[in-house]
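[1] no sequence on this one, just coordinates:
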């Protein structure tokens, strides 16, 4: 459990999040292409990129990597509860999953991860 930030949100148990190598592989393969396509269309781009860098960080606990890679894999996946092509609604499910993931690992996303996310927008 995240000792720095205290606890995960109510009802969220670390034990329920297993690290999945398939999610990590999907994210590493497709994160940047998806992010570049939707960067101006979604409000959570900075948080998603910071979460990505957090997930790659060797200092991030495995439970947090599991949450981050799971949320990012959902964001990348073309199979959604609400298809991304639906204008106005397409990213609402992605946003909900990302918000839950971001909140769950908030104490693990460090300033260095946020700074790297900001660098994406400067290039």
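    Arrived safely. The shown structure was predicted, so the numbers you read here are calculated from the model rather than taken from an experiment.
[2] what's the burial count for residue 119?
    Close neighbours of residue 119, defined as other C-beta atoms under 10 Å, add up to 11. Quick note: C-beta positions are derived from backbone N, CA and C, even for glycine.
[3] whoops, I mixed them up, residue 41
    Neighbour tally, residue 41, other C-beta under 10 Å: 11.
[4] in terms of helices and strands, where is it?
    Of the helices and strands defined by DSSP states H and E, none includes residue 41.
[5] how near is it to residue 105?
    24 Å (C-beta to C-beta, to the nearest Å).
[6] for residue 39, same thing?
    From residue 39 to residue 105 the distance is 21 Å (C-beta to C-beta).
[7] these two - which one has more neighbours?
    residue 105 (26 against 14).
[8] confidence score at that one?
    The score at residue 105 is 94. That number is its pLDDT.
[9] what sits against it?
    2, 51, 54, 60, 64, 67, 68 (C-beta atoms under 8 Å, 6 or more residues apart in numbering).
[10] name the nearest residue to the last one, ignoring sequence neighbours.
    The spatial neighbour of residue 68 that comes closest, neighbours along the chain excluded (C-beta to C-beta, 6 or more residues apart in numbering), is residue 55 at 3.7 Å.
[11] my guess is the one you found contacts residue 70. True?
    No: between residue 55 and residue 70 there is no contact under C-beta atoms under 8 Å: 9.6 Å.
[12] so which of those two has more stuff around it?
    residue 55 (27 against 22).
[13] any idea how far that one lies from residue 40?
    With C-beta to C-beta as the criterion, residue 55 and residue 40 are 23 Å apart.
[14] residue 24 is in contact with residue 60, isn't it?
    No: contact criterion C-beta under 8 Å: residue 24 and residue 60 do not qualify, at 11.8 Å.
[15] in the helix or strand bottoming out on mean pLDDT in the chain, which residues are buried?
    Within the chain, no helix or strand scores below helix 92-104, which has a mean of 84 by mean pLDDT, DSSP states H and E. For helix 92-104, burial by neighbour count (16 or more other C-beta atoms under 10 Å) applies to 93, 94, 95, 97, 98, 100, 101, 102, 104.
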